[in-house]
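Participant: Sequence below, structure please.
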Amino acid sequence: MMERIAVIGQSGLIPEHVRLLAEEIGSEIAKRGAVLLTGGGSGVMEAVSRGAKQANGLVVGILAGDDKQAANEFIDIPINTGLGFDYRSVLLVHSADAIIMIGGGNGTLGELSAAYMNKKRVIIVENSGGWSNTVKQIAFEGCYLDERRTVEIQFAKTAKSAVDLAFQSIYNPVDPDKNTGLIGD
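Facilitator: Prediction:
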């Protein structure tokens, strides 16, 4: 079975350094033979999809609503959920084996929270803007969203290290009987 890595991040206009980072992450995911999942829209989603397509990867867009035109041009398989963004985000999170977060606004924060509550590993790319720059500073013990320690949030500084951590988390899943969420526990 092919690994499925979701990339979450803000839509709309993004800074050039974030666009380049997202493209590199998309390329890394594709080169390793994994399927890229995104929300299918603009911004980080479009940039990561572009990077994956340039590396001949497969890109699935899980879209809110019914508008087939909402998918960016790099999506191979658009899935129109007919749902609002919040419910579409839950489908995206549940469909992924691992999640990489780049930048992010309120919607991305909701996806992070949904992933945490569902014991999905999230790798946050530091210094990519938005919530990605803030989570570590406000997280419980620097890597959890609360004192339950449901699953450890990991942090990466580069595209390659983010994808490395995503693959490590797929092959070292969270033990549902333990709450630490630490790889190798």
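Participant: Tell me, how many residues neighbour the residue nearest to residue 26 when sequence neighbours are not counted?
Facilitator: Nearest residue to residue 26 in three dimensions, chain neighbours excluded: residue 51, at 2.9 Å (Cβ to Cβ, 6 or more residues apart in numbering). Backbone N, C-alpha and C define where each C-beta goes, glycine included. Neighbour count of residue 51, defined by other Cβ atoms under 10 Å: 28.
Participant: And residue 126, by the same measure?
Facilitator: 14.
Participant: what's near enough to touch it?
Facilitator: Residues in contact with residue 126 (Cβ atoms under 8 Å, 6 or more residues apart in numbering) are 132, 133, 136, 155, 156, 157.
Participant: Residue 127 is in contact with the last one, correct?
Facilitator: If I follow you right, that is residue 157. Yes. Counting by Cβ atoms under 8 Å, residue 157 does reach residue 127; the two are 7.2 Å apart.
Participant: Could you check which helix or strand contains residue 17?
Facilitator: helix 16-31 (DSSP states H and E).
Participant: what mean pLDDT does that helix have?
Facilitator: Averaging pLDDT along helix 16-31 gives 98.
Participant: one step back: so for the one helix or strand the residue nearest to residue 26 maps to, mean pLDDT?
Facilitator: Per DSSP H and E: residue 51 is located in helix 44-54. Across helix 44-54, the average pLDDT comes to 98.
Participant: which helices and strands sit right next to that helix?
Facilitator: Under the contact definition 3 or more Cβ pairs under 8 Å, 6 or more residues apart in numbering; DSSP states H and E, helix 44-54 sits against strand 4-9, helix 16-31, strand 35-38, strand 59-63.
Participant: Next, the residues that contact the third one from outside, please.
Facilitator: Strand 35-38 is contacted by residues 2-8, 26, 29-30, 44-45, 48-49, 52, 57-62, 75, 92, 95-96 when judged by Cβ under 8 Å, 6+ apart.
Participant: ok, now the first one?
Facilitator: When contacts are defined by Cβ under 8 Å, 6+ apart, strand 4-9 is touched by residues 18, 22, 25-26, 29, 34-39, 43-45, 48, 60, 89, 92-93, 95-104, 108, 111-112, 128, 130, 132, 163, 166.
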